[in-house]
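Asks: Generate a structure from the sequence data that follows.
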Amino acid sequence: MAAPRCEALFFLAAVLLVSCSAAPTDILYRVLEERPPNTLIGSLATDQGLPNAGHLYKLEVGAPYLRVDGSTGDIYTTEIPIDRETLRDCRNLFEGDKCYLEFEVSITDMVKGIGTGPRLIEGRIEVLDINDNTPQFSSPILTLSIPENTHIGALFSIPMATDRDSGSNGVADYSLSSSTGSDADQLFSLQVAVDAEEKLPQLVVMGNLDREIKDSYDLNIRVQDGGNPSRGSSALLRVTVTDQNDCTPKFEKSHYEADLPENSPPGHSVLQVKANDADTGLNGEIDYSLHQASESVQRLLRIDRATGIVYVKGLVDREEENFLKFFVVARDRGPNSKSSKVLVTVHVKDQNDNAPAIEIRGIGLVTHHDGVANISEDMPIGTPVALVQVSDRDEGENAVVTCVVAGDVPFQLRPASESANDRKRKYFLQTTTLLDYERIKDYRIEIVAVDSGNPALSSTNALKVQVTDINDNAPNFSPSTVEVDFAEGNQPGDKVLDIVATDADSGTNAELFYSITEPTARRLFKINSSTGEVRVNHSLDREEKERYEFRVIAADKGVPSKTGTATVVVNVLDCNDNDPKFTLNGYSFSVIENMPPLNPVGVVTVNDADKDENSQVRLFVEQDNGMFLIQNGTGTILSSISFDREKKSTYTFQLKAVDGGNPPRSSYVGVTINVLDENDNAPYVTRPSNSSFVHLPVGTRPNTHVEVVKAEDIDAGLNAELEYTIIGGNPYDLFQISTNDGEITAAQELTPKYNGLHRLVVKVVDKGKPPRNTIALVHVFVNETKSNVSLIEALVGHSLYTPLDRDIAGDPNYAYSQQSNILYGSLAGFAVVILVIVAVVLIRRWVQKDTKSGYQAGKKESKDLYAPKQGPKNGKGKKSKKGKAPKPAKTGEDDEDASLQKGLKFNLINENVNDSPRIHLPLNYPPGSPDLGRHYRSNSPLPSIQLQPQSPSASKKHQAVQDLPATNTFVGTGDNNSTGSDQYSDYSYKANPPKYSNKQVGDYANTAVYPRDIHWTNRVW
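Replies: Take a look at the predicted model:
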C-alpha cells in the first residue's frame, strides 16, 4: 500500500502553492436509506437561496446514488438505492456514529458563459438507517457446555447475534424457549446483560444437573431487533452437561485494549490476554482462542493458544481497518472444560504510508473522456477546465496535503470549496493565458500533491487538455508554388501530383474542398475535390508544350468559409519519343582530290526534338571501312585517306545518328562525297607513237592532213581540256596544228628541198591551274618514196635520242646528193654504213671506258634499256670536263657495230634558218643492209634521267622513269620552256641514279605525273 515518495520540496520552489484552508459549509440533507428512485432529497435553489434561472446545475460528486435537476438544483435519488450498510464510509461505524453521503454540485452562469467559471457547492446527506436487516446468530446451532453439579444461579455466556442495522434497529432482545414436554425450561432461563450498549445473552442454571440422568438439553434462542416492525431470527442452543469442573477461568481484565501501528510485520506482538483457573491439573490449564471474530480479525490476527499473546498475522492497513474488536475465550483443559471470554479492542494507528490521491474530473460544461478535457481556444483567461480533488487516507499531519501544477503550462489551481476537511480538498484547474489551437493543440498538465508526513509522500496525476478549434485560419499551401516534373507520353488519367493544403483549424473547419480556377487548365487537368489529387485528362507532349501553370484553391467548410491558393507548375519531362533528325534528307559534299587525310570533308547537322540525354546525339559511319570519320559534337566528316579522283570520284555511305535515350533511337542519312578534280595529271599521248613516222610525198599541198595528235587527260573539266601547239622541229613553218583537236596539216607546199625527216615537237597542255603538259614527237618523212623503211626507222631512232632543243627538219645535203651517180651513191652508201658501224662501235667502247656506263650490244631487248648503271660506291657522279664527251671503251664485242658505223656520215650543220641542227644520213642502202633503226634502238646510249626533289611529282604516287622510246610522251609540268637547252646542261647530270626494274617502268608508264626534267649527259644521244 505504500506509495512512492515524492521530492515535493523541489516543486514547491518552482510552482504555485495552493492553500488548503477553507471555511465550513452548512448544507446538510437527511434521507432514509433504500428510498425509491426520484425521491426529492432537497432543492439547492429553494433551500439555499441560489439562482434558479439562467444557470446550469451539474452534479459533480454523488453519483450513482444522486442526480441533480440542471435548472433548479433539486437533488433526487436514482435507480440505485442508497444502502447505508453498503456505503464505503459507513461500514465500520461505531455505535452512534452517523453515516453521510457527500455531494458536489457546480453552478454555471449560462448568460456569461463558461469563461466566467462555475461555482462549486458542497454538501452532505445523512443516510438514516431503516430496519432492513435481520439480526443473525453466527451459526444455526449454538453449543454450550455446563458441568454437572453446577450450583443454581450460575451464568454462562451465549454467543451474541449481530445486526447490520444500528441504533434502535439493531439487536434489542433475546428470548429462550424449549420444546413441549421438555424439562429444560425448568432447569435453564435467559438473562440479557448490557455491556457498552451491547446486549449480552447469558444462560442461568435454575436446577441441579446430573449428567448420569441426562447429558444434554436443546433450547431455542431467538433474537429480536428494535425496528418497527421488528425483525428477528432463531438458533438451536444445545446445552451439554459435563463432568464436574469446579472453577471457571477468569481474565485479569474485563476489557483489553491495544494500539497497533499499521503495516506492522507478521509476528508482531499486539497484546497478551491472561486468565487464571483455580483448579489444578488439566482443569487449571487454559487454552485461548478468538471468539466471534470477524473475517478481518481472522485474516489479520492470531492468538497463541497457550500464552494468550495476540500476534499480527496479515498486513494491517489502517485505511482499511482502523480498529479491530473481537472476543478471546479462555477454556480449561478439564474433562468438563469451563470457559470465559473477554472483549479485546485493537486500535490501528496511522503511519504515513499513503501518498496523496489526486482525482481529476470535469466541471460544469467541461467534460472529460478517458482523461482528456476539451476546451475551445476562444475561452477567456481563468476558465476552469477541471475539478481537482486531493485527499490522503492517512490522518493527522500525514493527511495535510500541498498541491501544485508542475511544469510551464498556462494553467493553475484555485481552491474550489470552502470545506474545512483537511483530508479532502478541491481545486479548480483554470487557464492563466489565452489559448491558441494553431500554436499548441494540446497540453499535458501534471499535478503534484505532497503530504506533510515524515518522510513526505507525493503523487502525481495528469490531465490532457485538448484545445478545440474555431475557424480562425485560412487553408495554407506550403509552399505556395508547387513544381512537379511529369513525363510526357502519359496515359489519360495518370496521376500528376497530390497538392495538399493544411488548415491549422480542426474538424469541419479543416475539411478542405479543392478546385482548379482556370478553365483552360481544367480541360487538361482534373483535381479530386477531397484529396487534392491532380490527374491529367490528356496525353502531354513536351515538344508541344514544356510547362503548364495553373492555380488551385482550397476552401474549408467552416462558417464562414476561408480559402487559400497555390500555384501548380507542371514541367513536362522529356521521354525519348523522337528520332534524331538530320536537317537534310541526304548530304552531298565535294572535296578536292589529293587533300591530306584528316581534313574536313563536310558538316552534317542533326537535331533531336527531345531534351537532355535524349537529345545528345552520337554519329557513326555505317559500313565503316575506315575511309571516313565523323566528329561528334560538330558533325564534321573527316577523311582518313587522300582522294584520287582518277581512281574513284564518288564515295557513298550512311551516317547513323543515335541519341542517348534508353532505349536509344536512331536515324540514318545518306552521304555522297564527290571528289573534285585537281590538275594532278599531265596529258598523255595516245597517238602517234614517238617511234612512228608519217610519209609525205614532195609536192604535198597546203592544208593536207598530216597526222592527228591524240592525247588524253584523266583529270576532268578544264583540267582535261587540251591545247596542242608545235614548239619545235618546224623552223620553216611547214606544218600547222589545230589547237583544239591536234590535227597536223601542211602549212605550205612541200618542195624537194624539204626532203628528209622532220621531227615535230608537239606540246599538249591542259587548262588546269597550274597547267600540266606533255610532249609528243611526230616524225614526218618527206620524200618521193619510202622504199628504205629501215633507214627511216634508223633516223627516227636517232631522233628519239636527240635533244628536243635541236630541230630535225629535213636533209640539208639533199641537192648535192641528187647530182651524184646513183651507183656511186649506192657503193658509197654501203661503205659509209660499214664505216658508221665501226665508228659507232669504237665510240661506244670509248664512251663505256670513260663513263663506265652505256649499253652492250647483243643483249636481249627485254632488258631495261633506259635504266642507268650503278655509279661509284661513294654514290657521287663524276662530272665531265668542259663539256667533252667521255671516250668510249673499245671491246671486241663492238667490232661489228664499229664497222657498220663507219658507213654513216653525221653532219651537224648550222643553217641560216633558226640555226637548227640537222642530221644528214644517207637515204638509200643496198639490199641486205642491216636494220640500222633496230640497231640504234638497241644499242644507243640511254639518257640519264633525274627526278628533282622539288618536283611536285616527287610523291610515290607520281614517281616514274620515262621509258624512251617505248612511248611517245615527254612530260612537263606547266613550263612552256620545258624543252629549253638549259634544262639539259652538263651540270644537271647526276651519276648513278637509282635503278628501276622493268616492272617499275611498266607501272609508271601510264601514270598521270612524270618527271619534271629530262637531262641529257654531255649532249650525247
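
Asks: does R522 count as helix, strand or coil?
Replies: Secondary structure state of R522, per DSSP: H, G, I helix; E, B strand; the rest coil, is helix.

Asks: okay but it is in contact with V534, surely?
Replies: No: using C-beta atoms under 8 Å, R522 is not in contact with V534, being 11.0 Å away. From N, CA and C alone the C-beta is placed, and that goes for glycine too.

Asks: Of these two, which one has the most company?
Replies: The neighbour comparison of R522 against V534 (other C-beta atoms under 10 Å) goes to V534, with 24 against 14.

Asks: Need the contact partners of stretch 709-724.
Replies: Around stretch 709-724, the neighbours that count as contacts under C-beta atoms under 8 Å, 6 or more residues apart in numbering are 645-646, 649, 677-688, 737-744, 762-769, 772, 774, 776, 778, 1008.

Asks: Show me how far that stretch is from its chain's centre.
Replies: 72 Å (C-alpha atoms, centre = their mean, to the nearest Å).

Asks: Pull the number of nearby residues for D97.
Replies: Residues lying near D97 (other C-beta under 10 Å) number 10.

Asks: do P37 as well
Replies: Neighbours of P37 (other C-beta under 10 Å): 11.

Asks: Confirm for me that it is in contact with R67.
Replies: No: the criterion here is C-beta under 8 Å, and P37 misses it with R67 at 9.3 Å.

Asks: anything in contact with each of those two?
Replies: Common neighbours of P37 and R67 (C-beta under 8 Å, 6+ apart) are Y76, T77, T78.

Asks: Put together a markdown table for those, with neighbour count and distance to P560 on each row.
Replies: What follows is those, written out as a markdown table (neighbours: other C-beta atoms under 10 Å; distance: C-beta to C-beta, whole Å):
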| residue | neighbour count | distance to P560 |
| --- | --- | --- |
| Y76 | 17 | 44 |
| T77 | 20 | 48 |
| T78 | 15 | 44 |
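
Asks: ok, back up a step: is it possible to mark the buried ones in the contacts of stretch 709-724?
Replies: Listed as buried from the contacts of stretch 709-724 are 645-646, 677-685, 688, 737, 742-744, 762-768, 772, 774, 776, 778, 1008; burial here means 16 or more other C-beta atoms under 10 Å.

Asks: Report the contact partners of the nearest residue to S391 once chain neighbours are set aside.
Replies: Excluding the flanking residues, the one nearest S391 by C-beta to C-beta, 6 or more residues apart in numbering is K424, at 4.2 Å. By C-beta under 8 Å, 6+ apart, K424 lies in contact with Q389, V390, S391.

Asks: and the helix or strand where the first one lies, what's its mean pLDDT?
Replies: Assigned by DSSP states H and E, Q389 falls within strand 384-391. The average pLDDT for strand 384-391 rounds to 89.

Asks: Show me what it is packed up against.
Replies: Helices and strands touching strand 384-391, by 3 or more C-beta pairs under 8 Å, 6 or more residues apart in numbering; DSSP states H and E, are strand 357-361, strand 372-376, strand 401-406, strand 411-415, strand 424-431, strand 458-468.

Asks: what about the third one, distance to the chain center?
Replies: In terms of C-alpha atoms, centre = their mean, the centre of strand 401-406 is found 54 Å from the chain centre.

Asks: buried sites along that strand?
Replies: Buried residues in strand 401-406 (16+ other C-beta under 10 Å): V401, T402, C403, V404, V405.

Asks: which stretches of the stretch 751-900 of the chain form helices?
Replies: Using DSSP state H, counting those that start in this stretch, the helices assigned to the stretch 751-900 of the chain run over residues 789-800, 814-819, 822-851, 895-900.

Asks: weakest of those by average pLDDT?
Replies: When the helices of the stretch 751-900 of the chain are ranked by mean pLDDT, helix 895-900 comes last with a mean of 36.

Asks: What values do phi and psi take at D612?
Replies: D612 has phi and psi values of phi 60, psi -130 when expressed as degrees, to the nearest 10.

Asks: ok, and the most crowded of the contacts of K424?
Replies: Going by other C-beta under 10 Å, V390 tops those with 27 neighbours.

Asks: For it, give its distance to S640.
Replies: Separation of V390 from S640 (C-beta to C-beta, to the nearest Å) stands at 101 Å.

Asks: Equivalent analysis for Q412, please.
Replies: For Q412 relative to S640 (C-beta to C-beta), the value is 94 Å.

Asks: Kindly report the same for L56.
Replies: Separation of L56 from S640 (C-beta to C-beta) stands at 103 Å.

Asks: and what of S529?
Replies: Distance, S529 to S640, using C-beta to C-beta: 67 Å.

Asks: Same question for S459.
Replies: Taken as C-beta to C-beta, the span from S459 to S640 is 96 Å.

Asks: Same question for A716.
Replies: Here A716 is placed at a distance of 24 Å from S640 (C-beta to C-beta).

Asks: which one of the two has more residues nearby?
Replies: Using other C-beta under 10 Å, the more surrounded residue of A716 and S640 is A716, with 19 against 11.

Asks: Where does the prediction get shaky in the stretch 301-450 of the chain?
Replies: For the stretch 301-450 of the chain, the stretches with pLDDT under 70 are 335-336, 418-423.

Asks: which residues sit against the helix or strand encompassing V694?
Replies: Element membership for V694 (DSSP H and E) is strand 693-696. The contact list for strand 693-696, computed with C-beta under 8 Å, 6+ apart, reads 688, 704, 706-707, 746, 750, 757, 778-783, 786, 792-793, 796.

Asks: for stretch 42-59, same thing?
Replies: Taking C-beta under 8 Å, 6+ apart as the rule, stretch 42-59 contacts 27, 29, 66-75, 103-111, 118, 121, 125, 364-365.

Asks: Restricted to buried residues, select those residues in ChimeraX.
Replies: Buried residues within the contacts of stretch 42-59, by 16+ other C-beta under 10 Å, are selected in ChimeraX with:
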select :29,66,67,68,69,72,73,74,75,103,104,105,106,107,108,109,118,121,125,364
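
Asks: now the strand holding Q389 and strand 424-431, what's the angle there?
Replies: Strand 384-391 runs at 160 degrees relative to strand 424-431, counting by axes from the mean of the first three to the mean of the last three C-alpha atoms, to 10 degrees.

Asks: Convert the C-alpha atoms of strand 384-391 to PDB, please.
Replies: The C-alpha coordinates for strand 384-391 follow below in PDB (Å, rounded to 0.1, in the frame of the first residue of the first chain):
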ATOM      1  CA  PRO A 384     -11.900  26.200 -15.300                       C
ATOM      2  CA  VAL A 385     -11.100  23.000 -17.300                       C
ATOM      3  CA  ALA A 386     -11.200  20.500 -14.400                       C
ATOM      4  CA  LEU A 387     -12.000  20.000 -10.700                       C
ATOM      5  CA  VAL A 388      -9.100  18.500  -8.800                       C
ATOM      6  CA  GLN A 389      -9.800  16.800  -5.600                       C
ATOM      7  CA  VAL A 390      -6.700  15.900  -3.400                       C
ATOM      8  CA  SER A 391      -7.100  13.600  -0.500                       C
END
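
Asks: Tell me which strands that strand pairs with, and in which orientation.
Replies: Strand 384-391 has the following sheet partners, assigned by DSSP bridges: strand 357-361 (antiparallel), strand 424-431 (antiparallel).

Asks: any chance you could map the helices in the stretch 501-650 of the chain?
Replies: 519-524.

Asks: Strands of that one, residue ranges please.
Replies: Here the stretch 501-650 of the chain has its strands, by DSSP state E, counting those that start in this stretch, at 501-502, 512-516, 525-527, 533-536, 547-556, 563-573, 581-582, 586-592, 600-603, 606-607, 618-622, 628-631, 636-639, 650-658.
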